[in-house]
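S.K.: generate coordinates for the sequence data below:
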Amino acid sequence: MTQLAAGWDCDVDRGPECLFVRLHADSQSAAAEPALAQRLWAVLDEHMTYRCVLELDQLDLLRSYLIGQLLLLGRRIHSRGGMLRLCGLSQQNREALAAVRLEDQLPTYRNRYDAVVGF
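M.R.: Numbers count the residues shown, from 1 in each chain. All right, here's what the predicted structure looks like:
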């Protein structure tokens, strides 16, 4: 497990097509640091890939801070010709993205397999 920022950790798995990153947040100490997108970018850069599936099944609530950070990360990844896909979101979190009309910018999938194949 890699610590990203105060209260934010991740597990990283390298696949043949992309990097799988599972985010973990300690709801008690997860800080709204503007550096989360930057820290995730550093993980991608370290693995020399800009194709990423973020597994968010460990997050109870997709807060506006995190949505903003995912948008920043997604834009940066796309500027490099990469791909960012989300998976494992709860129904409530998928509805939150749809409510703010971000499902096109942050595509979501049921699991990592569906995210890789774009199903």
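
S.K.: in which helix or strand does Arg75 reside?
M.R.: Using DSSP states H and E, Arg75 sits within helix 64-79.

S.K.: any idea how far that helix is from the chain center?
M.R.: 8 Å (CA atoms, centre = their mean, to the nearest Å).

S.K.: buried ones in it?
M.R.: 66-67, 69-70, 72-74, 76-77 (16 or more other CB atoms under 10 Å). (Each C-beta comes from the backbone N, C-alpha and C, glycine too.)

S.K.: list just the nearest of the residues you listed to Leu97.
M.R.: Closest approach to Leu97 among the buried residues of helix 64-79 (CB to CB): Ile67, at 7.2 Å.

S.K.: mind listing what that closest one touches?
M.R.: With contact set as CB atoms under 8 Å, 6 or more residues apart in numbering, Ile67 has these partners: 96-97, 100, 102, 106.

S.K.: what does Cys87 give?
M.R.: Contacts of Cys87 by CB under 8 Å, 6+ apart are 53-57, 108-112, 114-115.

S.K.: any chance of the buried residues of helix 64-79 in CSV, plus pLDDT and distance to Phe20?
M.R.: Converted to CSV, the buried residues of helix 64-79 look like this (pLDDT from 0 to 100; distance: CB to CB, whole Å):
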residue, pLDDT, distance to Phe20
Leu66, 87, 18
Ile67, 90, 20
Gln69, 92, 18
Leu70, 93, 15
Leu72, 94, 20
Leu73, 95, 15
Gly74, 95, 16
Arg76, 95, 18
Ile77, 96, 14
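
S.K.: for those, which one is nearest Met48?
M.R.: Once CB to CB is applied, the member of these that ends up nearest Met48 is Ile77, at 13.2 Å.
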